[in-house]
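just to be clear, the model below is a prediction. Sequence and coordinates:
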Amino acid sequence: MNTLDVRSQLKDSVPVAGFGPHGSYGLQDSLRTGFTSIKNELIPSHSLELSEKNFQVNQDKMNMSTLRNIQGIHAPLKLKMELKAATQIQRLPFLPSSHLALDTLRGSDETIGFDDILNDPNQSEVMGEPHMMVEYKLGVL
Amino acid sequence: MALSSVLQSPAPGFNFDNAARNAALGRNDGGHTPKPLKTGTTIAGSGFQGEWWADKACAKIHYISPNIYCCGAGTAADTEKTTDLLSSNLTIFSLNSGRNPRVVMAANILQDMLYRYRGQIGANLILGGVDCTGNHLYKVGPYGSVDKTAYLSMGSGDLAALGILEDGFKPDLEMEQAKDLVRAAIQAGIMSDLGSGNNIDICVITRDGVDYIRPYQESETIKYKYRPGTTRVLTEKVVPLKLEVVHESVKKMVTG
């Protein structure tokens, strides 16, 4: 199935923190999240899952490194600083943010891809509990 | 109701949550997964002084921009969505820059998009159009492979169509000759491929405009009924059906 080393396939190796399928009181919530399996939590179930999760990050890395090679360190430095400032312009986690500045910087306000059509966060069927979401974002959960 | 297990708003784009469940269902069911409906397609394209091409049955020629049209074979939903996205992106581009998009831009966008999804999007597309640099015909495969030639065909009937195209293509065809060539190619695809449908649509793109002829040729429907008396009747036996009245009730209708 995969010719790559299994370790590089683990979901954990992706630097995106996630909690396990826990319900309230830390117990397994089978109704909502299904049966647990350590394998399901660690190894991605679809061949595109990891590459899609990392796609934007990898694109940025590639572009920044090309930019550094062509123009010197100042170019990616300035761009990254602007991007960092733009990512901080958003509402609290449970409210929809437009990310207008970020989109303009990246140029994604002039392109349409699958992430604009599918699974629109403004129309998501599940709602998170506001206090927990803010605490998670601040890291005090 | 707010779920305490949702700690971040869901990421936009493809959602792989059910992939594990589907794999598990496939295993538990003895490997029986619901099969998608398979139909066939033949699409072909050829260049002449303008540009044009044909395909058959349902509307498989998609509009990309005023000077670019795209034929899709493969998974119908995938080709539909991919061409819609392509069309939207090129429209934004032409609104921004005030220019008609070039065919090579469409091919590049498709290439990037399809390679990103490693062939999971099953779209075989033939992209053709006329722009300021001339007429172009591109073939894009599901993994993002791009081929630029003077004549192409794709789909389940592509081998038959390609044979006709290979035989009849010349570099300086006139419009009517080219139309006829592609019509013959699609006809071959229809005749020899079980899945390919019946009608032939042609889309002719020239510098002056687009002529979308739908349908260019309709196939005759074959009647499968036979005349009475075609086969000789050997014996005839009539059995009357006996019915007995079990219950009778009369209800007066109230009028007035």
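Nice, I can see it.

ok but residue B:204 is inside a strand, no?
Yes: assignment of residue B:204 by DSSP: H, G, I helix; E, B strand; the rest coil places it within a strand.

for burial, what's the neighbour tally of it?
Neighbour count for residue B:204, taken as other Cβ atoms under 10 Å in any protein chain shown: 21. The C-beta positions use only the backbone N, C-alpha and C, and glycine is treated the same way.

can you check residue B:117 too?
Quick note: residue B:117 (other Cβ under 10 Å) scores 22 neighbours.

repeat for residue B:254
Residue B:254: 5 neighbours (other Cβ under 10 Å).

got it, and residue B:24?
Counted with other Cβ under 10 Å, residue B:24 comes out at 15.

ok, residues contacting the strand or helix carrying residue B:135?
Using DSSP states H and E, residue B:135 sits within strand B:134-140. With contacts defined as Cβ atoms under 8 Å, 6 or more residues apart in numbering or on different chains, strand B:134-140 is touched by B:45-47, B:49-51, B:53, B:103-104, B:106-107, B:110-111, B:114, B:123-130, B:146-152, B:154, B:205.

list the contacts for residue 68?
Just going to use chain A. A:75, A:76.

oops, I was thinking of chain B
B:90, B:101, B:103, B:106, B:127, B:128, B:129, B:131, B:205.

quick one, which of the contacts of strand B:134-140 are buried?
B:45-47, B:50-51, B:53, B:103-104, B:106-107, B:110-111, B:114, B:123-130, B:146, B:150-152, B:154, B:205 (16 or more other Cβ atoms under 10 Å in any protein chain shown).

in strands only, show me those.
B:45-46, B:51, B:53, B:123-130, B:146, B:151-152, B:154, B:205 (DSSP state E).

so which of those are also by chain A?
Checking those against chain A by Cβ under 8 Å from any Cβ of the partner chain, not one of them is in range.

ok so, going back, out of the contacts of residue B:68, who's nearest chain A?
residue B:90 (10.3 Å; Cβ to the nearest Cβ).

the closest one is in what secondary structure piece?
Per DSSP H and E: helix B:76-97 holds residue B:90.

ok, residue B:43 next?
strand B:42-46.

distance between that strand and the chain's centre?
12 Å (Cα atoms, centre = their mean, to the nearest Å).

direction included, what does that strand pair against?
strand B:51-56 (antiparallel), strand B:151-155 (antiparallel) (DSSP bridges).

now do the closest residue to residue A:85 other than its chain neighbours, the pLDDT please.
For residue A:85, ignoring the flanking residues on the chain, the nearest one in space by Cβ to Cβ, 6 or more residues apart in numbering or on different chains is residue A:101 at 8.0 Å. Among the per-residue scores, residue A:101 shows a pLDDT of 93.

show me the shaky parts of the stretch 101-250 of chain B.
Of all residues in the stretch 101-250 of chain B, those with pLDDT under 70 make up the ranges B:194-198, B:218-224.

which positions in it make contact with chain A?
Residues of the stretch 101-250 of chain B lying near chain A (Cβ under 8 Å from any Cβ): B:113, B:116, B:117, B:118, B:120.

tell me, how many residues neighbour the second one?
As a burial measure, the neighbour count of residue B:116 was computed by other Cβ under 10 Å and equals 17.

and the residue nearest the centre of chain B, how close does it get to residue B:212?
Central residue of chain B (Cα atoms, centre = their mean): residue B:60, 4.1 Å from the mean position. From residue B:60 across to residue B:212, the span is 12 Å (Cβ to Cβ, to the nearest Å).

and what of residue B:245?
65 Å.

more neighbours: which of those two?
residue B:212 (15 against 5).

follow-up on the earlier one: so what sits against both of residue B:60 and residue B:212?
residue B:201.

tell me, how many residues neighbour residue B:16?
Residue B:16, neighbours per other Cβ under 10 Å, totals 17.

the helix holding residue B:90 near chain A anywhere?
Yes: contact between helix B:76-97 and chain A, assessed by Cβ under 8 Å from any Cβ, occurs at B:81, B:85, B:88, B:89, B:92, B:93, B:96.

export the lengthiest helix in chain A to PDB, keeping only CA atoms.
Secondary structure of chain A read by DSSP state H shows that its longest helix is helix A:55-71. The C-alpha coordinates for helix A:55-71 follow below in PDB (Å, rounded to 0.1, in the frame of the first residue of the first chain):
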ATOM      1  CA  PHE A  55      -0.700  21.500   1.600                       C
ATOM      2  CA  GLN A  56      -0.700  25.200   2.500                       C
ATOM      3  CA  VAL A  57       2.200  24.900   4.800                       C
ATOM      4  CA  ASN A  58       4.300  23.100   2.200                       C
ATOM      5  CA  GLN A  59       3.400  25.500  -0.500                       C
ATOM      6  CA  ASP A  60       4.500  28.400   1.700                       C
ATOM      7  CA  LYS A  61       7.700  26.700   2.600                       C
ATOM      8  CA  MET A  62       8.500  26.100  -1.100                       C
ATOM      9  CA  ASN A  63       7.700  29.600  -2.100                       C
ATOM     10  CA  MET A  64       9.600  31.200   0.700                       C
ATOM     11  CA  SER A  65      12.700  29.200   0.100                       C
ATOM     12  CA  THR A  66      12.600  30.100  -3.600                       C
ATOM     13  CA  LEU A  67      12.100  33.700  -2.700                       C
ATOM     14  CA  ARG A  68      15.000  33.500  -0.300                       C
ATOM     15  CA  ASN A  69      17.300  32.000  -3.000                       C
ATOM     16  CA  ILE A  70      16.300  34.600  -5.600                       C
ATOM     17  CA  GLN A  71      16.000  37.800  -3.600                       C
END
